[in-house]
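Asks: below is the structure, and that's it, no one-letter string:
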């Protein structure tokens, strides 16, 4: 299942992250997972939220540049080797990972890995053939 | 020390004679330009003026103005008044947009230019026994070759160093026993600081420096003089009129003598074009009287300036101009390079690949006596990508394109949309934090 992730441009300036998350708070948007990529000048904040379209509209309204990016969220064992097993599937199928970040799932003993690859559809199919479960939007947005 | 002149008759010519000489030369220059330069002829015709209507400097105000834009509209050779077979050299500098401007020189022009600089060098006590390091950029920029020819003319030794590589610059000064340095004032400050750090001031033989191509202050002059142990002299020029040497300081260090046998200088109201009375502050306008390949008549420099008519202690009768105080257009001079906001707009439009120019702001400051140049660009949907490396590539692309267009290093920063300050709804394009007055 393809998940809609928000990618937000964050100028490297005091208070920017707070301002962005405040907009989400004011609009009653719940963040399920979050990752921040940064350089010396700017950052890209990646968010999985419960209402991605509403969140994008609210952020745009506040003058923030946002794009919606398709990602997959794979369910993995919350145990040694859990991440390595997922990545092995990508390696074997020659799929490059652009970035990824983990979050805890609702199921005990399981964690979620949000993965962005150049081709999300094939990532989805190789993971499924390898027996991995993919979180569906309804689940992940509710974490 | 008695004042030394290169060409005493001309440099100390009584003003009434100088005016007569200017009048004769103006009449001839107007005639030549009318016959050879389409743009000038068209403008004269529009005003219903014929060369015969110009009898001397008293008629100057009747003549049409020339603008930097003309150099772009008639690019490359449309304003030249001689066939290319007589053009010995070309120089170029940045125009108001991506397109450069080009100027040409005949042998006589090059000789005249060398004489302008040689007069200055002689006036500040430089002789054939001196060793002069030229740290202005060589190449299409007029600084390097312009100063070079002046030094050769007086028979001093030239060290054609060019710009950059500070350690080597200083080593050269020490090893070669350099006595005079020519560069931009901010670079002179930087050299001074490095020399201080290295503790090699006592190994220098420097006695004088000629600094120009960018705005500087009396305070900077004091610091440069102290750090380098020299007398620091100011020089003014622009490629459209000649290059460095249009006006030069003498020992008195109280303003730059405009070589009035070659140029007529006026101060006008930049809004109305009206000639202002003596001593007023306004826009500098130059007419080149002797230039053959690329003559200009009433060229609008956009530099805001004041002229000094009082006689100078050096005995030269040629009028003096103060350091320009600013601009009547939006041109910035950053590390000696002319920068127009329109050039930046053009690059951003190209890189963004969109219909609308991303909002931007230029921030210029002077840190450790060197100009800093930053361009903030507001992020938008066209420039933003989910991947950091793609954004970084965009940032790098803008940086590289600006560098190649302007010939100047720049720090590009992507900022939040709508974060650039707006004044009455209009974005503030330039923030110049340099304090130069």
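Replies: That came in fine, so what should we check first? Worth saying up front: this structure is predicted, and the values here are computed from it rather than measured. Numbers count the residues shown, from 1 in each chain, chains lettered A, B, ... in the order given.
Asks: could you look up the SS state of the residue of the stretch 201-350 of chain B found nearest chain A?
Replies: With distances taken as Cβ to the nearest Cβ, the stretch 201-350 of chain B approaches chain A most closely at residue B:348, which sits 15.8 Å away. (Each C-beta comes from the backbone N, C-alpha and C, glycine too.) Following DSSP: H, G, I helix; E, B strand; the rest coil, we place residue B:348 in the helix state.
Asks: list the contacts of the lowest-mean-pLDDT helix or strand in chain A.
Replies: Taking mean pLDDT, DSSP states H and E as the measure, chain A has helix A:137-140 as its least confident helix or strand, at a mean of 78. Identification of contacts with helix A:137-140 by Cβ atoms under 8 Å, 6 or more residues apart in numbering or on different chains yields A:1-4, A:32-33, A:48, A:73, A:106, A:112.
Asks: switch to 6 Å and redo it
Replies: Where contact means Cβ atoms under 6 Å, 6 or more residues apart in numbering or on different chains, the residues beyond helix A:137-140 that reach it are A:3, A:32, A:48, A:73.
Asks: what about the closest residue to chain A within chain B, neighbour count?
Replies: Residue nearest to chain A within chain B (Cβ to the nearest Cβ): residue B:386, separated by 3.9 Å. By the other Cβ atoms under 10 Å in any protein chain shown criterion, the neighbourhood of residue B:386 contains 22 residues.
Asks: now residue B:127
Replies: With neighbours defined by other Cβ under 10 Å, the count for residue B:127 comes to 12.
Asks: got the contact list for it?
Replies: Under the criterion of Cβ under 6 Å, 6+ apart, the contact list for residue B:127 is empty.
Asks: what about the residue of the stretch 201-350 of chain B closest to chain A, how many residues close to it?
Replies: The burial count for residue B:348: 23, using other Cβ under 10 Å.
Asks: right, and it touches residue B:358 too?
Replies: Yes: taking contact to mean Cβ atoms under 6 Å, the distance of 5.2 Å between residue B:348 and residue B:358 places them in contact.
Asks: which stretch of helix or strand covers residue B:400?
Replies: With elements taken from DSSP states H and E, the one containing residue B:400 is helix B:388-406.
Asks: next helix or strand past that helix?
Replies: strand B:411-415.
Asks: what's the angle from that following strand to helix B:388-406?
Replies: Orientation check (axes from the mean of the first three to the mean of the last three Cα atoms, to 10 degrees): strand B:411-415 against helix B:388-406 gives 130 degrees.
Asks: close to chain A, is strand B:411-415?
Replies: Yes: using Cβ under 6 Å from any Cβ of the partner chain, strand B:411-415 reaches chain A at B:413-415.
Asks: related to what we said a few turns ago, just checking, the residue of chain B closest to chain A touches residue A:6?
Replies: No: between residue B:386 and residue A:6 there is no contact, the gap being 9.5 Å when judged by Cβ under 6 Å.
Asks: show me where the stretch 51-200 of chain B has strands.
Replies: B:89-94, B:100-105, B:131-134, B:157-159, B:180-183 (DSSP state E, counting those that start in this stretch).
Asks: now the residue of chain B most remote from its centre. Its backbone dihedrals?
Replies: Most distant from the centre of chain B: residue B:386, at 44.2 Å, with distances by Cα atoms, centre = their mean. In this entry, residue B:386 is assigned phi and psi values of phi -60, psi -30 (degrees, to the nearest 10).
Asks: that older thread, just give me the closest of the contacts of helix A:137-140 to residue B:392.
Replies: When the contacts of helix A:137-140 are compared for distance to residue B:392 (Cβ to Cβ), residue A:48 comes out closest, at 23.9 Å.
Asks: in the least confident helix or strand of chain A, what's buried?
Replies: Applying a neighbour-count criterion of 16 or more other Cβ atoms under 10 Å in any protein chain shown, one finds A:139-140 buried in helix A:137-140.
Asks: centre of the chain to it, how far?
Replies: In terms of Cα atoms, centre = their mean, to the nearest Å, the centre of helix A:137-140 is set 12 Å apart from its chain centre.
Asks: counting neighbours, which of the contacts of helix A:137-140 comes out on top?
Replies: Most surrounded of these: other Cβ under 10 Å gives residue A:73, at 28 neighbours.
Asks: break the chain down into its structural domains.
Replies: You didn't pick a chain, so chain A it is. Here the domain parsing of chain A from automatic domain parsing is A:2-69, A:71-140.
Asks: actually, chain B is the one I wanted.
Replies: According to automatic domain parsing, chain B is divided into the following domains: B:8-329, B:333-432.
Asks: just the mean pLDDT for the last one, thanks.
Replies: Per-residue pLDDT values over domain B:333-432 give a mean of 85.
Asks: and what of the longest one?
Replies: Model confidence over domain B:8-329, given as mean pLDDT, is 95.
Asks: what's around residue A:85, how many residues?
Replies: Using other Cβ under 10 Å, residue A:85 is surrounded by 15 other residues.
Asks: now it: which helix or strand?
Replies: Using DSSP H and E, residue A:85 falls in helix A:82-92.
Asks: list the buried residues in that helix.
Replies: Going by neighbour count (16+ other Cβ under 10 Å), the buried part of helix A:82-92 is A:82, A:86, A:89-90.
Asks: what do you get for stretch A:30-38?
Replies: Applying a neighbour-count criterion of 16+ other Cβ under 10 Å, one finds A:31-35, A:37 buried in stretch A:30-38.
Asks: closest to residue B:405 among those residues?
Replies: Looking at the buried residues of stretch A:30-38 and their distance to residue B:405, the nearest is residue A:37, at 30.1 Å (Cβ to Cβ).
Asks: enumerate the residues of chain A near chain B.
Replies: Those residues of chain A that sit near chain B, judged by Cβ under 6 Å from any Cβ, are A:7, A:9, A:11, A:37, A:41-42, A:44, A:63, A:65, A:67, A:69.
Asks: mind giving me TSV with the residues you listed and columns for pLDDT?
Replies: As requested, these are arranged in TSV below (pLDDT from 0 to 100):
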residue	pLDDT
A:7	96
A:9	94
A:11	89
A:37	92
A:41	84
A:42	91
A:44	95
A:63	88
A:65	93
A:67	94
A:69	94
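Asks: quick one, which of these are buried?
Replies: Buried members of the residues of chain A next to chain B, counted by 16+ other Cβ under 10 Å: A:7, A:9, A:11, A:37, A:41-42, A:44, A:65, A:69.
Asks: so what's residue 82 up against?
Replies: All of this refers to chain A. Here residue A:82 is in contact with residue A:76 (Cβ under 6 Å, 6+ apart).
Asks: if you could check chain B rather than the one you did, that'd help
Replies: Going by Cβ under 6 Å, 6+ apart, residue B:82 touches B:106, B:292-293.
Asks: which strand residues bridge the one residue sitting closest to the centre of chain B?
Replies: Chain B has residue B:238 as the residue nearest its centroid, 3.9 Å off, counting by Cα atoms, centre = their mean. Note on residue B:238: beta-bridge partners by DSSP bridges are residue B:243.
Asks: okay, now residue B:195: neighbour count?
Replies: When neighbours are defined as other Cβ under 10 Å, residue B:195 has 23 of them.
Asks: OK, contacts around it?
Replies: Going by Cβ under 6 Å, 6+ apart, the list of residues near residue B:195 reads B:170, B:201.
Asks: show me where the stretch 101-250 of chain B has helices.
Replies: For the stretch 101-250 of chain B, the helices defined by DSSP state H, counting those that start in this stretch occupy B:107-123, B:142-154, B:166-176, B:185-198, B:218-228.
Asks: contacts for the last one?
Replies: Identification of contacts with helix B:218-228 by Cβ under 6 Å, 6+ apart yields B:185, B:188-189, B:192, B:206, B:232.
Asks: out of those residues, grab the one that's most surrounded.
Replies: Highest neighbour count within these: residue B:188, with 27 neighbours (other Cβ under 10 Å).
Asks: so how far is residue B:26 from the residue found closest to residue B:13 once you drop the neighbours it is linked to in the chain?
Replies: Residue nearest to residue B:13 in three dimensions, not counting chain neighbours: residue B:317, with 5.8 Å by Cβ to Cβ, 6 or more residues apart in numbering or on different chains. In this view, residue B:317 and residue B:26 are 18 Å apart by Cβ to Cβ, to the nearest Å.
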